[in-house]
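Asks: please work out how this folds:
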Amino acid sequence: MNEEDSDINVILKNAADGDKEAFEFLYETYNPKLIKIAQMYVRKDAEDIIQNIWTKIYCGKTVLASIVNFDTWIFFVVKNHCMDFLRKHNKLNQQYHSISYEQSEEYINSLVQDDSLLERLVERQSYESLCEKITNLKEIYSLPVILHYFKGLKQAEIAKFLGISVSALKWRLNAAKILLKKSILKDLKGDN
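Replies: All right, here's what the predicted structure looks like:
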């Protein structure tokens, strides 16, 4: 355990014990990041969802002392609340519409270097199809793809946020590329 992990554990314990300054520190440190993450899922409703999460955390703050990796835990709390919101409001199929067509085309370019294949991809693969393929990936692959390629976060930032090493993140990104490429190629072969 490094010093940073030790510090956050002390802050979590203090917040769990009712230390308002420790809780405010958590809020001020994490709130902006959590809103950005929630916006990837729900856009306009992100701030409301995050505020509800903080309220629930504060009401059940004794749990904070038992959390081993706060970054990972809070990410899953945000993701789960956003997914619940999307299911409740029937917006699940629209969750990735914040990815522009240019971003999806740029990503396809990074996947495939063959110009003739790229032309076929652009002709046959729509923006919605690419987004659907990304959402159909397991979350351990889709989230790094979205954060890195579409939201422009650096690999080190994503790795720290997910609580994994940079090399593990690179592996996940590469695996996602392979899975997406196979899926796209399968569709192209099926069209012929």
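
Asks: lowest confidence element among the helices and strands of the protein?
Replies: When the helices and strands of the chain are scored by mean pLDDT, DSSP states H and E, helix 115-124 comes last with a mean of 47.

Asks: just give me the longest helix of this protein.
Replies: helix 166-191 (DSSP state H).

Asks: what helices or strands is that one leaning on?
Replies: Helix 166-191 sits against helix 101-111, helix 115-124, helix 127-136, helix 139-145, helix 155-162, with contacts defined as 3 or more CB pairs under 8 Å, 6 or more residues apart in numbering; DSSP states H and E. No exception for glycine: its C-beta is placed from N, CA and C like everyone else's.

Asks: those: lowest mean pLDDT?
Replies: Out of the helices and strands packed on helix 166-191, helix 115-124 stands lowest, with a mean of 47 (criterion: mean pLDDT).

Asks: what sits closest to the residue nearest the centre of the chain if chain neighbours are left out?
Replies: In the chain, the centroid-proximal residue (CA atoms, centre = their mean) is Leu143; its distance is 4.0 Å. The spatial neighbour of Leu143 that comes closest, neighbours along the chain excluded (CB to CB, 6 or more residues apart in numbering), is Leu162 at 7.5 Å.

Asks: identify the residues contacting that neighbour.
Replies: 71-72, 75, 143-144, 169 (CB atoms under 8 Å, 6 or more residues apart in numbering).

Asks: tabulate the residues you listed in a markdown table, adding columns for distance to Tyr58.
Replies: What follows is the contacts of Leu162, written out as a markdown table (distance: CB to CB, whole Å):
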| residue | distance to Tyr58 |
| --- | --- |
| Asp71 | 19 |
| Thr72 | 20 |
| Phe75 | 18 |
| Leu143 | 26 |
| Pro144 | 30 |
| Leu169 | 31 |
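
Asks: closest to Leu179 among those?
Replies: Taking CB to CB as the measure, Leu179 lies nearest Pro144 of the contacts of Leu162, at 12.1 Å.

Asks: enumerate every residue touching Ile53.
Replies: With CB under 8 Å, 6+ apart, Ile53 has these contacts: 34, 77-78, 81.

Asks: and what of Asn31?
Replies: Contacts for Asn31 were tallied using CB under 8 Å, 6+ apart; they are 50, 54.

Asks: any weak-confidence spans in the protein?
Replies: Residue ranges of the chain with pLDDT under 70: 1-6, 90-128, 150, 190-192.

Asks: domain ranges for this protein, per the record?
Replies: 3-93, 101-191 (automatic domain parsing).

Asks: does Ile49 touch Phe85 like I think?
Replies: Yes: using CB atoms under 8 Å, Ile49 makes contact with Phe85 at a distance of 5.9 Å.

Asks: which neighbours do the two share?
Replies: Val42.

Asks: still on that earlier bit, how about the longest helix of the chain: buried residues?
Replies: Under the neighbour-count criterion of 16 or more other CB atoms under 10 Å, helix 166-191 has 169, 172-173, 175-177, 179-181, 183-184 buried.

Asks: likewise stretch 68-86?
Replies: Buried residues in stretch 68-86 (16+ other CB under 10 Å): 70-71, 73-75, 78-79, 81-82, 85-86.
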